[in-house]
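Enquirer: the following block contains a protein sequence and its predicted model.
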Amino acid sequence: MTGDSEDPNDDLQYHIELADGDVDGPVLLPGDPDRVEVIADYWDDYEERARHREYRTLSGAYDGEPVSVTSTGIGSPSTAIAVEELARVGAETFIRVGSCGAIQPEVDIGDLVITTAAVRQEGTSDEYVREDYPAAAHDEVVTALVTAAERLGYDYHLGVTCSTDSFYAGQSRPGFEDFRAAGSEERIEALQEAGVLNFEMEASAIMTLANIYGLRAGAVCTAYANRVTGEFRTEGEGRAAETASLAASILAKMDRKKAESGVDHWHAGLSIPEDEA
């Protein structure tokens with residue numbers, strides 16, 4: 001079949017233009033198509049598999065383990081399309097890789113935020129499931145990301161993210177001519193009081209869909225801004241990319257160890273030998 005069909009079960013997926021076998025291993029999900037090579041430059045090797053609209057896909061290997069990357073565009077609607085179609089061609093693990101705005105004072109510019117769960121302040125996941133369904137990261141993905149950040153020596157914070165549909169009003173920023181959305185100040189203050197670490201725009205949809213479909217997902221973002229201190233710098237972009245790539249390799253080793261041990265879930269009683277880590 002060709003890409004001319006809108007059948008979601010077609011061999012070639014309508015939006016991402018991928019088929020079975022085009023991706024392997026965990027799929028890293030940046031927003032910007034230009035970031036896919038920034039990520040893949042950390043790998044052993046890679047090749048482009050497809051490029052259509054905002055969706056660009058490369059597949060390759062990191063530390064000898066298979067890994068892929070697909071750009072999603074900005075926001076949850078286009079990201080959900082990517083997750084849907086990637087799942088249809090065999091992807092089982094997704095890691096959002098991007099930038100974010102911190103809303104807690106302890107998160108410095110360039111630090112990583114590893115998401116454990118997300119506030120679903122975006123509308124896409126509401127199309128799938130009731131609004132009180134949790135957008136939780138998979139524990140194995142969180143473990144792999146934390147392990148990778150520790151090995152690489154990057155400062156990171158572990159906690160709850162807020163995913164929004166709007167970079168401006170939805171994240172309590174002023175709009176054009178200093179427009180202020182009703183309740184925006186109260187909204188960010190409530191999130192800060194609840195310990196939410198950061199704003200971004202895709203994680204909650206990725207994790208909600210993954211949980212519904214029985215897949216694994218998580219997120220790691222570099223803080224470019226801090227809303228408390230007023231700082232903004234595009235610093236440390238490669239940290240999230242390298243951490244996610246190493247985490248993909250760690251997940252592959254964790255999966256093999258589970259299979260060898262005859263268990264379905266990673267737990268503290270399992271370990272990866274030093275020469276394999």
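Expert: Sure thing, it's come through.

Enquirer: give the rounded mean pLDDT of stretch 258-277.
Expert: Stretch 258-277 shows an average pLDDT of 86 in the prediction.

Enquirer: show me where the stretch 101-250 of the chain has strands.
Expert: All strands of the stretch 101-250 of the chain, identified by DSSP state E, counting those that start in this stretch, fall at 112-121, 135-136, 156-164, 198-200, 216-226, 231-232.

Enquirer: same list, the ones you listed, but as TSV with distance to S71 and mean pLDDT please.
Expert: (Glycine included, C-beta is placed from N, CA and C.) Listed next are the strands of the stretch 101-250 of the chain as TSV, based on distance: least, Cβ to Cβ, whole Å; pLDDT from 0 to 100:
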stretch	distance to S71	mean pLDDT
strand 112-121	19	98
strand 135-136	21	98
strand 156-164	17	98
strand 198-200	15	98
strand 216-226	15	98
strand 231-232	23	93
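
Enquirer: with E17 as the reference, name the closest of those strands.
Expert: Nearest to E17 among those is strand 216-226; the distance by Cβ to Cβ comes to 22.2 Å.

Enquirer: how about the closest one as CSV, C-alpha atoms only?
Expert: This file holds the C-alpha atoms of strand 216-226, laid out as CSV (Å, rounded to 0.1, in the frame of the first residue of the first chain):
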residue,chain,number,x,y,z
ARG,A,216,6.4,2.6,28.3
ALA,A,217,7.0,6.3,28.3
GLY,A,218,8.9,9.0,30.1
ALA,A,219,10.4,12.4,29.6
VAL,A,220,13.6,14.4,30.1
CYS,A,221,13.9,18.1,29.4
THR,A,222,16.6,20.7,29.8
ALA,A,223,15.6,23.8,31.6
TYR,A,224,16.0,26.8,29.3
ALA,A,225,14.1,29.2,31.5
ASN,A,226,13.3,29.7,35.2
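
Enquirer: that strand: partners in the sheet, and parallel or antiparallel?
Expert: Its sheet considered, strand 216-226 pairs with strand 93-102 (parallel), strand 112-121 (antiparallel), strand 231-232 (antiparallel) by DSSP bridges.

Enquirer: that strand versus strand 156-164: what angle between them?
Expert: Calculated by axes from the mean of the first three to the mean of the last three Cα atoms, to 10 degrees, strand 216-226 forms an angle of 90 degrees with strand 156-164.

Enquirer: tell me how far strand 216-226 lies from the chain's centre.
Expert: Counting by Cα atoms, centre = their mean, to the nearest Å, strand 216-226 is centred 7 Å from the centre of its parent chain.

Enquirer: three-state assignment of A61?
Expert: The three-state assignment at A61 reads strand, by DSSP: H, G, I helix; E, B strand; the rest coil.

Enquirer: excluding its backbone neighbours, what's nearest it?
Expert: Distances taken as Cβ to Cβ, 6 or more residues apart in numbering place D44 nearest to A61, at 4.7 Å, with adjacent residues excluded.

Enquirer: what about the one you found, neighbour count?
Expert: 13 (other Cβ atoms under 10 Å).

Enquirer: which residues does it contact?
Expert: 60-64 (Cβ atoms under 8 Å, 6 or more residues apart in numbering).

Enquirer: do the same with A241
Expert: Contacts here follow Cβ under 8 Å, 6+ apart; on that basis A241 touches 28, 30, 35, 38-39, 42, 97.

Enquirer: so who does the residue nearest to it when sequence neighbours are not counted touch?
Expert: Of all residues not flanking A241 in the chain, I39 sits nearest, at 4.2 Å (Cβ to Cβ, 6+ apart). Each residue near I39 by Cβ under 8 Å, 6+ apart is listed here: 28, 30, 69, 97, 241, 244-245.

Enquirer: show me what V67 is bridged to.
Expert: Beta-bridge pairing of V67 under DSSP bridges involves G60.

Enquirer: how about the helices in the stretch 151-277 of the chain?
Expert: 184-193, 203-213, 237-261 (DSSP state H, counting those that start in this stretch).

Enquirer: model confidence over the shortest one, on average?
Expert: It refers to helix 184-193. pLDDT averaged over helix 184-193 gives 96.

Enquirer: please compute how far it lies from its chain's middle.
Expert: Distance of helix 184-193 from the chain centroid (Cα atoms, centre = their mean) equals 24 Å.

Enquirer: touching that helix from outside, list them.
Expert: Contacts of helix 184-193 (Cβ under 8 Å, 6+ apart): 103-104, 119, 162, 169, 171-173, 227-228.
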